[in-house]
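Novice: Predicted model and sequence follow; I will ask about them next.
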Amino acid sequence: MEKVLITGISGGQGRLLTRRLLENYAVCGADRVAWEGRPPGVNVHQVDLRKRKFQDVIRTENPTAIVHMGFIRHFRSNERLRHDVNVRGTQQLLEHCARYGVRKLIVVSSGYVYGAFPENPYFMNEDHPLSASRAYPEIRDLVEVDTLASAFIWKYPQIRTSVLRPVNVLGYYVHSMMNEYLRHRPITMMGFNPMMQFIHEEDLCEAIALALEQGLQGVYNVTGPGEVPLHTAIRETGATPIPLPEPIVRPLFRRMFDWGAWPYPDGAIDYLKYPVTLAGERFVEATGFRPLYGLEEIFRSVRR
């Protein structure tokens, strides 16, 4: 039986993925926080990816595959710490993969790396430039992580490496930025209603499992059952959009974020204005992936 090590295993998505993979794999994990009540037989090492102890984990567990989800994606941490954990932690992980004979690697990136701009075409493919840091410098670390992992594919072709860029992930357990936005009173930009794509947290687990089973290599967008306007998504999750003029909202968000009273930098506003829709055909053709959850079920999972 292959052994899979999951970084970020104690988070909501990591726990779901663990239960999905236990059907066919031995599973262990690494996270900076513990997982109380984990399934029997799943070793969870409480460790920082940047430390020597993580290297010891890989050496002793000797996994055949690694799923890398151990990122700080929120903005509650110091910006320098977030960048160091995400970028240097990924660099260390990639070095360990090459040194200790890991055969498969999956890096779970994000569709946000393309950036939100008025000139974005609908359904961007994987060759589209990663431009998010131009207008949203706070997520330049995610762009750097994606770039590092993409370069690793060509540097170590013997390691079956895939970089997955999912659209907005929603569900009961996941703590994505869009999930948190829809659970509260969502402010929108007056005059804007961009098309958005969503995928259920369980379908993302299935996509990761397929990439593992098939030893996928390359960069892939992972999309869900379709797209809807932002205001429709808000209403379907049981909330009411609150449209406000951007000249008021942007400086207000910037000030509140600096004070720690708002969870998102003002660069996130562009994702409420411009479409970031992805083409997912490449992943479907490579794996046969079909989402099990429709949009109605996805939005219902957020309402719960």
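Specialist: On my side now, so go ahead.

Novice: Low-confidence ranges, this structure, go.
Specialist: Applying pLDDT under 70 to the chain picks out residues 304.

Novice: For it, which segments count as helices?
Specialist: 12-21, 52-61, 79-83, 89-99, 140-155, 177-183, 201-213, 230-236, 246-259, 281-287, 295-303 (DSSP state H).

Novice: Report the distance from the third one to the chain centre.
Specialist: Between the centre of helix 79-83 and the centre of its chain there are 17 Å (C-alpha atoms, centre = their mean, to the nearest Å).

Novice: quick one: contacts for residue 128?
Specialist: Taking C-beta atoms under 8 Å, 6 or more residues apart in numbering as the criterion, residue 128 is in contact with 114, 121. All C-beta atoms are positioned from the backbone trio N, CA, C, and that covers glycine.

Novice: coming back round to it: residue 68: which of the helices of the chain is closest?
Specialist: Closest approach to residue 68 among those is made by helix 89-99 (6.0 Å; C-beta to C-beta).

Novice: who touches the closest one?
Specialist: Here helix 89-99 has contacts from 7, 48-50, 54-55, 58, 66, 68, 70-71, 102, 105, 107, 145, 148-149, 152, 156, 159, using C-beta under 8 Å, 6+ apart.

Novice: For the residues you listed, which PyMOL command selects only the ones that are buried?
Specialist: Selection command for PyMOL covering only the buried members of these, criterion 16 or more other C-beta atoms under 10 Å:
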select buried, resi 7+49+50+54+55+58+66+68+70+71+102+105+107+145+148+149+152+159
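
Novice: mind checking the end-to-end distance for stretch 38-55?
Specialist: 23 Å (C-alpha to C-alpha, to the nearest Å).

Novice: List the buried residues in that stretch.
Specialist: In stretch 38-55, counting by 16+ other C-beta under 10 Å, buried: 38, 42-45, 47, 49-50, 54-55.

Novice: likewise stretch 294-304?
Specialist: Per 16+ other C-beta under 10 Å, stretch 294-304 contains these buried residues: 295, 297-302.

Novice: next one: it to chain centre, how far?
Specialist: 19 Å.

Novice: list the contacts for the residue nearest to residue 222 when sequence neighbours are not counted?
Specialist: For residue 222, ignoring the flanking residues on the chain, the nearest one in space by C-beta to C-beta, 6 or more residues apart in numbering is residue 166 at 4.2 Å. Applying C-beta under 8 Å, 6+ apart to residue 166 gives the contacts 108, 110-111, 199, 204, 207, 221-223.

Novice: With residue 46 instead?
Specialist: 31-34.
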